[in-house]
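Student: here's my sequence, what's the structure:
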Amino acid sequence: MTVTTTVHRGRWSLGDRLELMLRELPFEVAPGAAAVTVELEFDREQGVLDLGCLGADAFRGWSGGARDTYTVAVDWATPGYLKGELEPGLWHVLLRLHRIPPGGLDYEVRVTTSTTRPAPLPPPAAPKPVGGRPPARERRDIPASGEMLWYAGDFHSHTVHSDGALTVPELAWLACDEGLDFLAVTDHNTVSHHPELPAVGARYGIRLLPGQEVTRDEGHANVFGDTGWVDFRQPADSWYQHARTHGGVMSLNHPLGSDCAWRLPLADRPRHAEIWHSGWFDRRWGAPLSWAQAWRPDVIAIGGSDFHRHGNDGRPGSPTTWLLAEDDSPAALLAALAAGRTAVSAGPGAPLLLRLGDELLALGAEGTALIRPDGRRELVHADRTTFPAESGLHRLESYENEVIALCQ
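Tutor: Purely as a prediction, here's the structure:
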């Protein structure tokens, strides 16, 4: 067995962060190496450093601030990282200076390469049984639109492959238990979760859509589809171009979301935006809708729970995004998303506003108000009420001006 150790240590200053936030610390991988382990030490009470890995030929993973150590090996890798043969050459530890205090932050990065294949880490303990599907829930009585049906889902969730607490099976079980038909799994700056999704989705009877949350301090965007890794180090316009070139869809996340609000320049503005995020605690607050109208007049609104762990964010499906699709295959769901056949509600069983051809259907929304794109208001008189549809974003509001549902 041959073991090689490389150590980087020093003190990052606030000036270092302002000069260049993402640092690349080099190390050599010799021919025949079977595993690389990276360990990071710093005072978490003083600052935040994010971790990733760049191989000699390609990106090998990202865990952000969720981990202080990772392993990339031939047969397995820490969640968030890509297993496989270790190409010899110059590799880099990616280190983002996420939060550096004015007095600076001491750090040490220790990289160990070995020619011995390590035993994989044991799987994390499951917080609830995931041996079978949750009990089936009765589907809502929603009419078809021609040959297409409405499917309930969520476009924003995380697992142990980034900063979430649940494994992919645990998350799938929870989404099924909430009554969802599909769920986009969007771990930060990585695609290491993608290989798990088809089999796990089939096991629990839910479509798990491949996604990634392309994450920078100045803004987050989800790219949906099997597009390959999107390089978050590049300008945001390149993210959008990558998504379109590879058959995916890009959506801006929580554009008014506190310290991760969207602040990146874009020459070409995507139509899709996460207007309804679980952080929209008081939906009488009209700023998300005002932002959407200012972003572009034909914005396509979607919703996302941004689920990470129990007790934080929203549960999967809070809010729920509905897609009008030919079937529930990933290709059909992404086609519906791209075309803007969307609606958003507070949950799978909450009041709902849907477009059915030239009509709008309000379900379970008696006593609310339909707000048309030009601001005109009409009362919803019954539990199932239809209205002529117009072009643009419609919504339902309560008598307190709380947003109840959205529909294109």
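Student: tell me the secondary structure at residue 72.
Tutor: Following DSSP: H, G, I helix; E, B strand; the rest coil, we place residue 72 in the strand state.
Student: got a pLDDT number for it?
Tutor: pLDDT recorded at residue 72 is 97.
Student: now residue 4: phi and psi?
Tutor: Backbone dihedrals for residue 4, given as degrees, to the nearest 10, come out at phi -130, psi 140.
Student: wait, what's in contact with it?
Tutor: With contact set as C-beta atoms under 8 Å, 6 or more residues apart in numbering, residue 4 has these partners: 28, 30, 112-114. In this view, the C-beta of every residue, glycine as well, is placed from N, C-alpha and C.
Student: and residue 100, by the same measure?
Tutor: 12-14, 16-17, 47.
Student: for those residues, give me TSV that also has secondary structure, pLDDT and distance to residue 321.
Tutor: Shown next, in TSV, are these (DSSP: H, G, I helix; E, B strand; the rest coil; pLDDT from 0 to 100; distance: C-beta to C-beta, whole Å):
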residue	secondary structure	pLDDT	distance to residue 321
12	strand	98	40
13	coil	98	43
14	helix	96	40
16	helix	97	40
17	helix	97	36
47	coil	97	36
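Student: next, count neighbours for residue 241.
Tutor: Per other C-beta atoms under 10 Å, the neighbour tally for residue 241 reads 15.
Student: for it, which three-state class applies?
Tutor: Assigned by three-state DSSP, the conformation of residue 241 is helix.
Student: try residue 84
Tutor: With three-state DSSP as the basis, the three-state label of residue 84 is coil.
Student: and it, how many neighbours?
Tutor: Burial measure for residue 84: 15 neighbouring residues, criterion other C-beta under 10 Å.
Student: which residue packs closest to it, ignoring adjacent ones?
Tutor: Nearest residue to residue 84, sequence neighbours excluded (C-beta to C-beta, 6 or more residues apart in numbering): residue 74, at 6.7 Å.
Student: neighbours of that neighbour, how many?
Tutor: 14.
Student: again with residue 20
Tutor: Neighbour count for residue 20, taken as other C-beta under 10 Å: 9.
Student: show me the helices in this structure, by range?
Tutor: Using DSSP state H, the helices of the chain run over 14-19, 168-177, 197-204, 236-245, 287-295, 330-339.
Student: would you confirm that residue 90 contacts residue 56?
Tutor: Yes. If you go by C-beta atoms under 8 Å, residue 90 and residue 56 touch, sitting 5.8 Å apart.
Student: mutual contacts of those two, please.
Tutor: residue 29.
Student: centroid residue for this structure?
Tutor: Centrality entry for the chain: nearest residue to the mean C-alpha point is residue 186, 3.0 Å, by C-alpha atoms, centre = their mean.
Student: can you report how many residues neighbour the closest residue in space to that residue that isn't next to it in sequence?
Tutor: Spatial nearest neighbour of residue 186, excluding adjacent residues (C-beta to C-beta, 6+ apart): residue 211 at 3.8 Å. Counted with other C-beta under 10 Å, the neighbours of residue 211 add up to 27.
Student: need the contact list for residue 211.
Tutor: Residue 211 makes contact with 155, 184-186, 222-225, according to C-beta under 8 Å, 6+ apart.
Student: out of those residues, which is nearest to residue 288?
Tutor: Nearest to residue 288 among these is residue 155, at 15.2 Å by C-beta to C-beta.
Student: the closest one contacts residue 180, doesn't it?
Tutor: No. With contact defined as C-beta under 8 Å, residue 155 and residue 180 do not form a contacting pair (10.8 Å).
Student: point out where the stretch 301-408 of the chain drops to low pLDDT.
Tutor: Applying pLDDT under 70 to the stretch 301-408 of the chain flags no residue at all.
Student: now render the contacts of residue 100 as JSON lines, adding distance to residue 85 and neighbour count.
Tutor: JSON lines is the format used below for those (distance: C-beta to C-beta, whole Å; neighbours: other C-beta atoms under 10 Å):
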{"residue": "12", "distance to residue 85": "33", "neighbour count": "19"}
{"residue": "13", "distance to residue 85": "38", "neighbour count": "16"}
{"residue": "14", "distance to residue 85": "40", "neighbour count": "16"}
{"residue": "16", "distance to residue 85": "34", "neighbour count": "16"}
{"residue": "17", "distance to residue 85": "35", "neighbour count": "21"}
{"residue": "47", "distance to residue 85": "35", "neighbour count": "21"}
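Student: returning to that earlier point: quickly compare the helices of the chain and say which is most buried.
Tutor: helix 168-177 (a mean of 24; mean count of other C-beta atoms under 10 Å).
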